[in-house]
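[1] Please work out how this folds:
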Amino acid sequence: MVAMTAQGSLLLSVVVTMVVLLLHSTASEAAQTPTGAHKNNDTEFIRRSCSSTLYPSLCYTSLSPYAGTIAQDPTRLALVATNVSLARVRSASSHVSSLRRASVDRRVENRTVNALKDCEESLGDAADLTGHAAGELGSLATAQGPEVAWLVNNAQTWMSAALTNEDTCVDGFAEVPPSATASGEDLVAAPAPPGLPSLEEDVCGRVRQAKQYTSNALALVNSLVGTNR
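    Here you go, the predicted model:
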């Protein structure tokens, strides 16, 4: 009888252990599954939202790394997109500033120098405007009632103006002949060799890319119109 009790106790212990392990495994799987699903939902939200932009592929690839931060929030999505745009505009502005400074000591065609100066100013303004838009979007976190519409409208205005300034930069090179080559942050006062972009192509290419980010951000800001908080 004692032996049977010991065996029964041992069997019960084994069963309890197996049940505990099974429950632990099930709980772990249950905890992990929502996390994976939630991550997929976050990125899918970005994909759907980006479908309304002019450059959906660029929109998705540039914003999906921030899926966890955005967390399916349209306001956060617009804010992140605006900050990504700001970084691109600042990068283009810095590049143009370097070329403009280099042009002072080079024999560069006057129209090119003037175009660089105007572009530098336009991109500086675009960066400031984009920064203002980001500030308005950041304020939406605590805004209520009519203030929401006011902030969104301001952000739309700033981003639209930023696009205009970026266009102004590109337009400034419309009648400038290929007269120099940009190499890194250096400026070579000579016609661009075959296969290499001219200074104008280099600058306008960078600015056009920045415009795509700005356009996407503006589209996502526009999607906030009518948002109720």
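[2] For the rest of this, base every contact and every neighbour count on C-alpha atoms.
    Fine.
[3] can you give me the strands in the chain?
    181-183, 186-188 (DSSP state E).
[4] Least confident of these, on average?
    Ranked on mean pLDDT, the bottom entry among the strands of the chain is strand 186-188, at a mean of 50.
[5] what ranges do the helices span in this structure?
    Assigned helices in the chain, in chain order: 2-50, 56-63, 67-70, 74-103, 110-139, 146-171, 199-222 (criterion: DSSP state H).
[6] I'd like the ones you listed as JSON lines, with mean pLDDT and mean neighbour count appended.
    Converted to JSON lines, those look like this (pLDDT from 0 to 100; neighbours: other C-alpha atoms under 10 Å):
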{"stretch": "helix 2-50", "mean pLDDT": "57", "mean neighbour count": "13"}
{"stretch": "helix 56-63", "mean pLDDT": "98", "mean neighbour count": "17"}
{"stretch": "helix 67-70", "mean pLDDT": "96", "mean neighbour count": "17"}
{"stretch": "helix 74-103", "mean pLDDT": "95", "mean neighbour count": "22"}
{"stretch": "helix 110-139", "mean pLDDT": "94", "mean neighbour count": "21"}
{"stretch": "helix 146-171", "mean pLDDT": "97", "mean neighbour count": "20"}
{"stretch": "helix 199-222", "mean pLDDT": "95", "mean neighbour count": "22"}
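[7] do you know how far Tyr55 is from Ser139?
    27 Å (C-alpha to C-alpha, to the nearest Å).
[8] Same question for Pro56.
    Applying C-alpha to C-alpha to Pro56 and Ser139 gives a distance of 26 Å.
[9] Likewise for Ala92?
    27 Å.
[10] Repeat that for Ser62.
    When distance is defined by C-alpha to C-alpha, Ser62 is 23 Å away from Ser139.
[11] likewise Ser160?
    To Ser139, Ser160 is 19 Å away according to C-alpha to C-alpha.
[12] for Tyr66, same thing?
    Distance, Tyr66 to Ser139, by C-alpha to C-alpha: 19 Å.
[13] Same check on Gly124?
    Distance from Gly124 to Ser139, by C-alpha to C-alpha: 23 Å.
[14] again with Lys117
    Taking C-alpha to C-alpha, one finds Lys117 at 34 Å from Ser139.
[15] Ala126 now?
    For Ala126 relative to Ser139 (C-alpha to C-alpha), the value is 20 Å.
[16] now swap in Asn40 and tell me
    Relative to Ser139, and taking C-alpha to C-alpha, Asn40 is found at 28 Å.
[17] what about Leu116, distance to Glu200?
    Distance from Leu116 to Glu200, by C-alpha to C-alpha: 9 Å.
[18] Repeat that for Asp125.
    20 Å.
[19] Gln209 now?
    14 Å.
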